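Participant: build me a structure from this.
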Amino acid sequence: MVTVKSSQKTFTEEEISGLTGICLEHLRSLARSKHLGFIARAAEAAGAQAEHWLFTNSDLMVLAVLVPRCHH
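Facilitator: So this is what the prediction gives:
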């Protein structure tokens, strides 16, 4: 079971990974293939675009219930 504050509406990929036990590589792959979460593009100091995945409460619940923890 995953417990979060009801006031928190979005979660970073690092938070989701910590809460569900899914590694970042698998999480990003699942997000792309299953259309979960959304990409937030942040400008870095060098001018390059960095992609950061953000997830909603619904996305978190789907991942927590349907996807097993990574064991590698």
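
Participant: can you find the helix or strand in this structure with the smallest mean pLDDT?
Facilitator: Using mean pLDDT, DSSP states H and E, the weakest-scoring helix or strand in the chain turns out to be strand 38-43, at a mean of 73.

Participant: hey, where'd the strands end up in the chain?
Facilitator: 10-12, 38-43, 49-56 (DSSP state E).

Participant: dump those strands to a markdown table, plus distance to H72.
Facilitator: C-beta here means a position set from N, CA and C on the backbone, and glycine is covered the same way. Below are the strands of the chain laid out as a markdown table (distance: least, Cβ to Cβ, whole Å):
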| stretch | distance to H72 |
| --- | --- |
| strand 10-12 | 22 |
| strand 38-43 | 25 |
| strand 49-56 | 20 |
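
Participant: put together a markdown table for those strands, with distance to G21 and mean neighbour count on each row.
Facilitator: Shown next, in a markdown table, are the strands of the chain (distance: least, Cβ to Cβ, whole Å; neighbours: other Cβ atoms under 10 Å):
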| stretch | distance to G21 | mean neighbour count |
| --- | --- | --- |
| strand 10-12 | 14 | 17 |
| strand 38-43 | 22 | 11 |
| strand 49-56 | 15 | 15 |
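
Participant: of these, which is nearest V67?
Facilitator: strand 49-56 (12.3 Å; Cβ to Cβ).

Participant: which neighbouring elements make contact with the closest one?
Facilitator: On a contact count with 3 or more Cβ pairs under 8 Å, 6 or more residues apart in numbering; DSSP states H and E, strand 49-56 meets strand 10-12, helix 13-20, helix 24-34, strand 38-43.

Participant: any idea what the closest residue to F38 other than its chain neighbours is bridged to?
Facilitator: Closest residue to F38 apart from its sequence neighbours, by Cβ to Cβ, 6 or more residues apart in numbering: L54 at 5.7 Å. Under DSSP bridges, the beta-bridge partners of L54 are T12, F38.

Participant: wait, L54 touches Q8, no?
Facilitator: No: counting by Cβ atoms under 8 Å, L54 stays clear of Q8, with 11.6 Å between them.

Participant: which residues touch the most centrally placed residue in the chain?
Facilitator: Compute the mean C-alpha point of the chain, and by Cα atoms, centre = their mean the closest residue is E13, 3.3 Å away. Residues near E13 by Cβ atoms under 8 Å, 6 or more residues apart in numbering: L24, L27, R28, A31, G37, H52, W53, L54, F55.

Participant: all set, thanks.
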